[in-house]
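**Q** Sequence and predicted structure, then a few things I'm wondering about:
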Amino acid sequence: MSNIVPLYNNKKLIFTADGSISLYNLDYGEAYHAVSMGAYTESLHKYVLASGILKKILNKDMKLLDICFGIGLNLAVTIEKIAHLKKANNLSIVSLEKDKSLIHFVNKSYFLWPVDGYNILRKLIETGIYQKIHLKLNLCDAIEYLMRSNDKFDIIYYDPFSRSKTPAFWDAILINKLYNLIQDGGCLVTYAGSNKIIKTFYKAGFNSHKISKHTGSFLNSVIFYKP
């Protein structure tokens with residue numbers, strides 16, 4: 001892994017294929033984003049565009065649950081795109097992350113891209129509000145938080161580490177709970193599309209749509225809809 005250079009603690013900085021930056025977690029043995037695809041490209045296509053949030057927010061206020069903040073890239077891309085929309089409605093975000101060092105990394109790393117998106121995200125971390133965007137960042141155990149929650153969301157970004165590294169995030173009990181946290185007609189988007197994972201979501205009541213090489217992308221996404 002010649003493109004990895006030391007950073008701090010249990011993480012190393014990595015430069016991904018599209019020039020954007022991510023981290024590699026030594027404890028889990030996984031990167032936070034797909035190196036060969038590009039971190040920015042992955043977030044844009046697998047989460048932002050796949051969820052349809054940029055179109056949906058033109059019609060109504062949206063509530064977004066971001067599970068596993070990581071380095072905040074999914075949110076940075078989302079809020080940069082929404083901030084540039086002229087007629088966007090309100091966006092309320094709840095983001096879950098247990099690793100405080102990642103928040104410190106985002107706040108101190110002004111080289112992260114997209115620059116505008118991360119500048120807005122830093123303001124949201126500090127004050128909780130930027131124009132029509134609101135952020136509640138919870139430093140907590142995500143699974144414990146989710147099992148207690150009774151909130152409802154229009155969209156869930158589901159971005160934990162893989163099933164082999166974090167099996168509890170892909171367990172049927174949690175997936176059933178996620179189904180209950182989504183508004184009717186809402187969706188959950190994720191990078192994971194194995195047959196076993198898809199069956200778990202089906203059993204919880206979700207419908208799914210797997211996108212291969214969707215418009216403008218060579219990436220796969222899986223969108224789970226709540227009827």
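**A** Ah, there it is. The structure presented is a predicted model; accordingly, all values stated were derived computationally and were not measured.
**Q** Can you name the next helix or strand after the lowest-mean-pLDDT helix or strand in the chain?
**A** Of all helical and strand segments in the chain, the minimum by mean pLDDT, DSSP states H and E falls on strand 4-8, at a mean of 53. Using DSSP states H and E, the helix or strand that follows strand 4-8 in sequence is strand 11-15.
**Q** what residues does the next helix or strand after that following strand touch?
**A** Per DSSP H and E, strand 11-15 leads on to strand 21-25 as the next helix or strand towards the C-terminus. Here strand 21-25 makes contact (CB atoms under 8 Å, 6 or more residues apart in numbering) with 1, 4, 7, 10-16, 30-33, 35, 39, 70-71, 73, 102, 105, 109, 111-113, 161. From N, CA and C alone the C-beta is placed, and that goes for glycine too.
**Q** what's the longest strand seen in the chain packed up against?
**A** Looking across the chain with DSSP state E, the single longest strand is strand 182-190. Here strand 182-190 touches helix 50-51, strand 153-158, strand 220-225, going by 3 or more CB pairs under 8 Å, 6 or more residues apart in numbering; DSSP states H and E.
**Q** try 10 Å
**A** helix 50-51, helix 53-56, strand 62-67, strand 153-158, helix 172-181, helix 195-204, strand 207-212, strand 220-225 (3 or more CB pairs under 10 Å, 6 or more residues apart in numbering; DSSP states H and E).
**Q** Tell me what angle the third one forms with strand 182-190.
**A** Using axes from the mean of the first three to the mean of the last three CA atoms, to 10 degrees, the interaxial angle of strand 62-67 with respect to strand 182-190 works out to 50 degrees.
**Q** And the contacts of strand 21-25, which of them are buried?
**A** Among the contacts of strand 21-25, those buried by neighbour count (16 or more other CB atoms under 10 Å) are 11-14, 16, 31-33, 35, 39, 70-71, 73, 102, 105, 112-113, 161.
**Q** Just those residues: which are in strands?
**A** Judged by DSSP E, strands contain the following of the buried ones among the contacts of strand 21-25: 11-14, 31.
**Q** quick one: contacts for the residue lying closest to F206 once chain neighbours are set aside?
**A** Leaving aside its sequence neighbours, F206 sits nearest to F224 (CB to CB, 6 or more residues apart in numbering; 4.1 Å). Shown here is F224, whose contacts under the criterion CB atoms under 10 Å, 6 or more residues apart in numbering are 156, 158, 175, 178-179, 182, 186-190, 197-198, 201-202, 204-210.
**Q** ok, back up a step: dump the ones in strands among the buried ones among the contacts of strand 21-25 into TSV; add distance to K152 and pLDDT as well.
**A** Listed next are these as TSV, based on distance: CB to CB, whole Å; pLDDT from 0 to 100:
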residue	distance to K152	pLDDT
K11	34	91
K12	38	92
L13	37	92
I14	36	92
A31	32	93
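**Q** quick one: low-confidence parts of the chain?
**A** 1-8, 209-220 (pLDDT under 70).
**Q** Among the contacts of F224, the buried ones, what's the PyMOL command?
**A** In PyMOL, selecting the buried portion of the contacts of F224, with burial taken from 16+ other CB under 10 Å, looks like this:
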select buried, resi 156+158+175+178+179+182+186+187+188+189+190+197+198+201+204+206+208
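**Q** Of the helices and strands packed on strand 182-190, which is nearest I133?
**A** Proximity to I133 (CB to CB) singles out strand 62-67 among the helices and strands packed on strand 182-190, at 9.7 Å.
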